[in-house]
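let me see the structure of the following:
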Amino acid sequence: IVYMTIDDLFFAKFRALIKTAPQIIRDLLAENADLRERLDFHPELNTLEHIRIVTFRAMAIDSLKQALPDDIGTTNLIFSGILHDIGKKRCAKINPKTHKPTSPGHDKFAADLINQNIAIQAWILQWGADPHTVAWICQQHMRIKRISQMRQTKRTAIENHPNYIELVIFSLLDNMLEDF
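Modelled structure (predicted):
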């Protein structure tokens, strides 16, 4: 008898997903293994570890999907977990005002990577997720954090999007300062 913990199961699924990913995804994930982010937002060791944690949280939601409304795409959340911060290393710089690390545009980087790469879209589809939804969640994952500060027209546009609830759930998965 082999006993596996939930983390073992999630890690095995994560490895299976990454093993089938296009090489560019594997390369970008590896680049993020040595990117240390701001401790006040990211207490985890590096960006790759953050990506794993968010993805594992999405897998936990997926394991409970029978309790969720049918229109919540948990596989979309899993792929958003893998891809949302994939461009952090490539976009990383030091903020000249605060002297702290930042990665402006990493959300757009992820969305563009998905939208412009047929192999990545095929990989996402192969596992039952929707590339357009995953790209939208990745592109909006930073904006949702500031939604209360947006003009009403911008706020309404996001809130009326068909995948808004998935974005809200994803934002909770992505928050490392709150217990999940």
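
residue ranges for the strands of the protein, please.
93-94, 101-102 (DSSP state E).

pick the most deeply packed of those.
Greatest average neighbour count among these goes to strand 101-102 (a mean of 17), per mean count of other C-beta atoms under 10 Å. Where C-beta positions appear, they are placed from N, C-alpha and C, glycine not excepted.

ok, that strand: who's next to it in the sheet?
Strand pairing for strand 101-102, using DSSP bridges, gives strand 93-94 (antiparallel).

before we move on, the earlier item: can you list the strands of the chain in TSV and add mean pLDDT?
Output for the strands of the chain, formatted as TSV (pLDDT from 0 to 100):
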stretch	mean pLDDT
strand 93-94	94
strand 101-102	88
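
indicate which one of those is closest to I169.
Distance to I169, taken as C-beta to C-beta, is lowest for strand 101-102 among the strands of the chain, at 25.2 Å.

now do the closest one: distance to the chain's middle.
Computed by C-alpha atoms, centre = their mean, to the nearest Å, the chain-centroid distance of strand 101-102 equals 18 Å.

do the same with stretch 87-99
Counting by C-alpha atoms, centre = their mean, stretch 87-99 comes out at 19 Å from the chain centroid.

stretch 32-42 too?
Using C-alpha atoms, centre = their mean, the offset of stretch 32-42 from its chain centre is 15 Å.

could you do stretch 149-159 as well?
22 Å.

repeat that for stretch 15-26.
15 Å.

residues of it that come out buried?
Under the neighbour-count criterion of 16 or more other C-beta atoms under 10 Å, stretch 15-26 has 17, 21-22, 25 buried.

if I pick K89, what's in contact with it?
By C-beta atoms under 8 Å, 6 or more residues apart in numbering, the residues touching K89 are 28, 31-32, 34-35, 47, 103.
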